[in-house]
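> Build the 3D model from these lines:
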Amino acid sequence: MAVDEALLASAIETGPPTLRFYRWSGPWLSLGYRQRLDAERLAACARAGIGVVRRTTGGRAVLHGEDLTYAVVAREEALPAGLGATYAFVAEALQEALAALGVTAEPAPRSAAVPPEVFDCFAEPATDELCAGGRKLIGSAQRRAGGGVLQHGSIRLKPDPPAVRSAAGFEPGAATSLSELGVEIRVEALISACREAFARHLSADLVAGGFSAFEFELTREREFARTAELPILIANPPRGGSRVQLDGR
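The predicted structure is shown next:
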């Protein structure tokens, strides 16, 4: 997620729009920018081997490990204007990608609002987050700063292990996943479907790209920037993943 922050900073300055996908090594709990984790739950995560990281985006806690994470990063003018319009745009592209794989998903209604006391991002869908069979399948969060936009989110591939879910304090059955919907696909096929859908929606050519020296340097700088807000050291945060740049509009 430090890479996501670096890509946002790069897009604000000179970098191209980017679509990125990545997986997590082991279970991790990502907290929203202003979300707090009580000492009891933090200790339970440590005992269960769950890493904890704080996102630069808002929202509620997400369990990673059995998911595919996507990130869309661009200057504001490359995307529909406004937070809500960008959410809807990304949801449409993801919905189209899932449809290509035989998965029927629908965005949560515009009136959907998550109660402030809810800790788990996947306990309740927010507006334009995708659900299947009445349960949340994809959760997303957005950050807008300096004329740039970062939206990233979790596409559930499999259910989280019961012990991991219990240690994080998450209730069973709130969310769903592709495997629970009877869909067994390779991650590469899911990424390919997402790339094709985003390319169509953006009317853009996608070109595989690496990371600039600026992005690498900023990633290293941001890796541990939020550890002071947590009473444990976050060692070896996940990074990397595949990136494609959006060439044109």
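> Figure out how far the longest helix anywhere in the chain is from the centre of its chain.
The single longest helix within the chain, with elements called by DSSP state H, is helix 83-100. Relative to its parent chain, helix 83-100 has a centroid offset of 13 Å by Cα atoms, centre = their mean, to the nearest Å.
> following it, which helix or strand comes up?
Later in the chain than helix 83-100, the nearest helix or strand by DSSP states H and E is strand 106-107.
> Counting by contacts, list what that following strand packs against.
On a contact count with 3 or more Cβ pairs under 8 Å, 6 or more residues apart in numbering; DSSP states H and E, strand 106-107 meets helix 83-100, strand 130-132. All C-beta spots, glycine's among them, are computed from the backbone N, C-alpha and C.
> Which stretches in this protein count as helices?
Using DSSP H, helices in the chain cover 2-13, 39-47, 83-100, 162-168, 187-202, 213-222.
> Tell me if I'm right that residue 102 and residue 184 touch.
No - here residue 102 lies out of contact with residue 184, judged by Cβ atoms under 8 Å, at a distance of 11.1 Å.
> thinking again about what came up before, return the most buried member of the helices and strands packed on strand 106-107.
Most buried of those, by mean neighbour count (mean count of other Cβ atoms under 10 Å): strand 130-132, with a mean of 21.
> now the residue most central in space within the chain: how far from residue 87?
Nearest residue to the geometric centre of the chain (Cα atoms, centre = their mean): residue 153, 2.0 Å. To residue 87, residue 153 is 10 Å away according to Cβ to Cβ, to the nearest Å.
> give the contact list for residue 89.
79-80, 201 (Cβ atoms under 8 Å, 6 or more residues apart in numbering).
> who wins for neighbours among those residues?
Using other Cβ atoms under 10 Å as the neighbour criterion, residue 79 leads the contacts of residue 89 with 21 neighbours.
> Could you tell me which residues make contact with it?
For residue 79, the contact set (Cβ under 8 Å, 6+ apart) comprises 72, 85-86, 89, 149.
> switch the cut-off to 6 Å
86, 149 (Cβ atoms under 6 Å, 6 or more residues apart in numbering).
> what does residue 135 give?
Counting by Cβ under 6 Å, 6+ apart, residue 135 touches 175-176.
> sorry, back to before: point out the most buried one among the helices of the chain.
Among the helices of the chain, helix 2-13 has the highest mean neighbour count (mean count of other Cβ under 10 Å), at a mean of 22.
> That one to helix 213-222, inter-axis angle?
Put simply, helix 2-13 runs at 130 degrees to helix 213-222, going by axes from the mean of the first three to the mean of the last three Cα atoms, to 10 degrees.
> which other helices and strands contact helix 2-13?
strand 67-75, strand 148-156, helix 213-222 (3 or more Cβ pairs under 6 Å, 6 or more residues apart in numbering; DSSP states H and E).
> what about the first one, distance to the chain center?
By that I understand strand 67-75. 6 Å.
> Just the buried residues of that strand, please?
Judged by neighbour count using 16 or more other Cβ atoms under 10 Å, the buried positions of strand 67-75 are 67-75.
> Equivalent analysis for the second one, please.
Neighbour counts using 16+ other Cβ under 10 Å place 148-156 of strand 148-156 among the buried residues.
> closest to residue 134 among these?
Closest approach between the buried residues of strand 148-156 and residue 134, by Cβ to Cβ: residue 156, at 14.3 Å.
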